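Participant: Here is a sequence with its predicted model. Questions after.
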Amino acid sequence: MSAEVQQKDSGGKKKPGQMKKLSTRIDFTPMVDMIMLLLTFFMLATSMSKPQTMEIGMPTKDKVADADKNEAKASEAVTLYLSKDHKVYYFMGIPDLVKQNYLKETNFSPEGLRKVLLEKNSAIVTKVNELKTKKLKLQVSQEEYEKQLAILKSSPGTPVVVIKPLDNSTYNDMISTLDEMLICNIGKYAIAELEPNDKTLLKNSSVQYEDAPKK
Amino acid sequence: MPKIKLPRKDTWIDMTPMSDVMILLLTFFMLTSTFLKPEPVKVNTPGSVSEIKIPEKNIFSVLISPEGKVFLDIDNPDDRTKILEQVAAEYKINLTEKEKKDFSIGTSFGVAMNQFKEFMAIPGEKQKVVLADYGIPSDSTDNQFQAWARAAREVKGKDMVIAIKADQSTPYKRIKAVMGSLQDLRENRYNLITSLREVNEAKPVK
């Protein structure tokens, strides 16, 4: 089956004045082949889904006067240390710098860190879930939902989480932790660097907080 | 019994409706497609439940490989040229028009300024292959990454979005270094690029 247009052009002699009957059928096969090829190419080369992103604000490095610093209430504070092999160490409130093995260990499984945070944040999570069901039933609009969610997340009494990734943790650990904040509806969290107190704490719990010195 | 005469059927199939539909699809894909940008190193982004999409333009994207090498990508060819001129001036490198043009139409880049000329002399296809071995110096002794970021902010203005894309296994130390350089410039808001992850809804624990 190839192009069949005007195939009979080399026919015999015609009588003058008589129109030649031509087949009006055009073979589409080559065209369809071509389009198929292009279509496949475009389908494979396009990236339909845009990558997801997570917005994060880091604290400024400018020196903040001690008086201006917001001190989190001891009952609300949770400090997390991200360590190597995807382990998380945490404590609540004001640390005990003397006690040995003061830090508690957990991991990124749903029964680990998430449970700890949800326990701390249970009141808000219940309210957020109520809000979500309301939204699903279309009782609140999208803007209203976002507004209320923001209010709930920053309401007093919600935990303040300080995330301190150690040098031997990975990027994935950091993202997983930030993710847990989203899942557990925690609005107040920050990534901070290690301070001398933290090092004492980690040392007391025999957590390695630096890369092993090269020999 | 009489013989059943099978009528001779024409094998011709009318393909017009099919090609109509296909042309429609083709036009759709051609118009909606944004091509996957080639990246010098393959990174597996970590998953997250965040569903915010990345903005389409005015992005200053930082790619951090598992070994901690830093690559950059800037959209808009005009901006690229301006930013390059600024950084080159800072490191006192004279660029030819051809180098500027080649750079402006490129994608991800990541070479130290003192190797820049040498790198641009490599033919196009080969550049992509060897790029993974380079990387922009971003340590405290020679922080060229910071110079790029500063130039980009000056050229692109305050609407520029900084997107950080790193591999799951990139050590946090490297991320901290990159974020630290940005924080020195008072750049405190970033978009961390992640892939989608499904998580069951959180249930309150009593």
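Facilitator: That came through fine.

Participant: center of chain A, which residue is that?
Facilitator: Nearest to the geometric centre of chain A sits A:Met54, at 5.3 Å (C-alpha atoms, centre = their mean).

Participant: Quick check: it is in a helix.
Facilitator: No. Using DSSP: H, G, I helix; E, B strand; the rest coil, the secondary structure at A:Met54 is strand, not a helix.

Participant: Could you report the distance from B:Ala152 to B:Asp75?
Facilitator: B:Ala152 is 11 Å from B:Asp75, where distance means C-beta to C-beta, to the nearest Å. Where C-beta positions appear, they are placed from N, C-alpha and C, glycine not excepted.

Participant: hmm, I was thinking of B:Glu99
Facilitator: From B:Glu99 over to B:Asp75 (counting by C-beta to C-beta), the distance is 20 Å.

Participant: So whichever helix in chain B runs longest, near chain A or not?
Facilitator: Taking residue count as the measure and DSSP state H as the definition, the longest helix of chain B comes out as helix B:16-32. Yes. Counting by C-beta under 8 Å from any C-beta of the partner chain, contacts between helix B:16-32 and chain A involve B:16, B:18-19, B:22-23, B:25-26, B:29-30, B:32.

Participant: which residues sit against stretch A:180-200?
Facilitator: Residues outside stretch A:180-200 that contact it (C-beta atoms under 8 Å, 6 or more residues apart in numbering or on different chains) are A:56, A:58-59, A:72, A:79, A:81, A:95, A:97, A:108, A:113-114, A:117-118, A:121, A:124-125, A:128, A:149-150, A:152-154, A:158-166, A:174, A:178, A:209, B:48-50, B:176, B:199, B:202.

Participant: Can you flag the buried ones in those?
Facilitator: Applying a neighbour-count criterion of 16 or more other C-beta atoms under 10 Å in any protein chain shown, the buried members of the contacts of stretch A:180-200 are A:56, A:58, A:72, A:79, A:81, A:95, A:108, A:113-114, A:117-118, A:121, A:124-125, A:128, A:149, A:152-153, A:158-166, A:174, A:178, A:209, B:48-50, B:176, B:202.

Participant: residue ranges of the helices in chain A, please?
Facilitator: In chain A, the helices defined using DSSP H lie at A:29-45, A:113-120, A:122-136, A:142-153, A:171-183, A:196-204.

Participant: what mean pLDDT would you report for the last one?
Facilitator: Regarding helix A:196-204, the rounded mean pLDDT is 79.

Participant: can you check the fifth one too?
Facilitator: Throughout helix A:171-183, pLDDT has a mean value of 85.

Participant: Select only the buried ones of the residues of helix B:16-32 next to chain A in ChimeraX?
Facilitator: Of the residues of helix B:16-32 next to chain A, the buried ones go into a single ChimeraX selection, burial set by 16+ other C-beta under 10 Å:
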select /B:19,22,26,29
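
Participant: Reformat the residues of helix B:16-32 next to chain A as a markdown table; add pLDDT.
Facilitator: Rendered in a markdown table, the data for those read as follows (pLDDT from 0 to 100):
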| residue | pLDDT |
| --- | --- |
| B:Thr16 | 82 |
| B:Met18 | 84 |
| B:Ser19 | 83 |
| B:Met22 | 88 |
| B:Ile23 | 89 |
| B:Leu25 | 89 |
| B:Leu26 | 88 |
| B:Phe29 | 84 |
| B:Met30 | 83 |
| B:Thr32 | 80 |
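
Participant: Make JSON lines from the residues of helix B:16-32 next to chain A and add distance to B:Ile136 to it.
Facilitator: Formatted as JSON lines, those follow (distance: C-beta to C-beta, whole Å):
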{"residue": "B:Thr16", "distance to B:Ile136": "55"}
{"residue": "B:Met18", "distance to B:Ile136": "51"}
{"residue": "B:Ser19", "distance to B:Ile136": "49"}
{"residue": "B:Met22", "distance to B:Ile136": "45"}
{"residue": "B:Ile23", "distance to B:Ile136": "45"}
{"residue": "B:Leu25", "distance to B:Ile136": "41"}
{"residue": "B:Leu26", "distance to B:Ile136": "40"}
{"residue": "B:Phe29", "distance to B:Ile136": "35"}
{"residue": "B:Met30", "distance to B:Ile136": "35"}
{"residue": "B:Thr32", "distance to B:Ile136": "33"}
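
Participant: Any regions of the chain where pLDDT drops low?
Facilitator: All of this is about chain A. For chain A, applying pLDDT under 70 flags the ranges A:1-16, A:47-51, A:61-73, A:210-215.

Participant: my bad, chain B
Facilitator: Residue ranges of chain B with pLDDT under 70: B:1-2, B:35-36, B:199-206.

Participant: where along it do the strands fall?
Facilitator: B:47-48, B:52-53, B:59-64, B:70-74, B:138-139, B:142-143, B:161-166, B:189-196 (DSSP state E).

Participant: Can you spell out which helices and strands pack onto the second one?
Facilitator: Strand B:52-53 makes packing contacts with strand A:52-57 when contacts are defined by 3 or more C-beta pairs under 8 Å, 6 or more residues apart in numbering or on different chains; DSSP states H and E.

Participant: if you set the cut-off to 10 Å instead, what comes out?
Facilitator: Counting contacts by 3 or more C-beta pairs under 10 Å, 6 or more residues apart in numbering or on different chains; DSSP states H and E, the secondary-structure elements packed against strand B:52-53 are strand A:52-57, strand B:189-196.

Participant: Check which strands are paired with it and give the direction for each one.
Facilitator: Using DSSP bridges, the strands paired with strand B:52-53 are strand A:52-57 (antiparallel).

Participant: What lies in contact with the strand it pairs with?
Facilitator: If you take C-beta atoms under 10 Å, 6 or more residues apart in numbering or on different chains as the criterion, strand A:52-57 is touched by A:174-175, A:178-179, A:181-182, A:189-191, B:45-55, B:161, B:163-165, B:179, B:188-197.

Participant: Swap in 6 Å and give it another go.
Facilitator: B:48, B:50, B:52, B:54, B:188-194, B:196 (C-beta atoms under 6 Å, 6 or more residues apart in numbering or on different chains).
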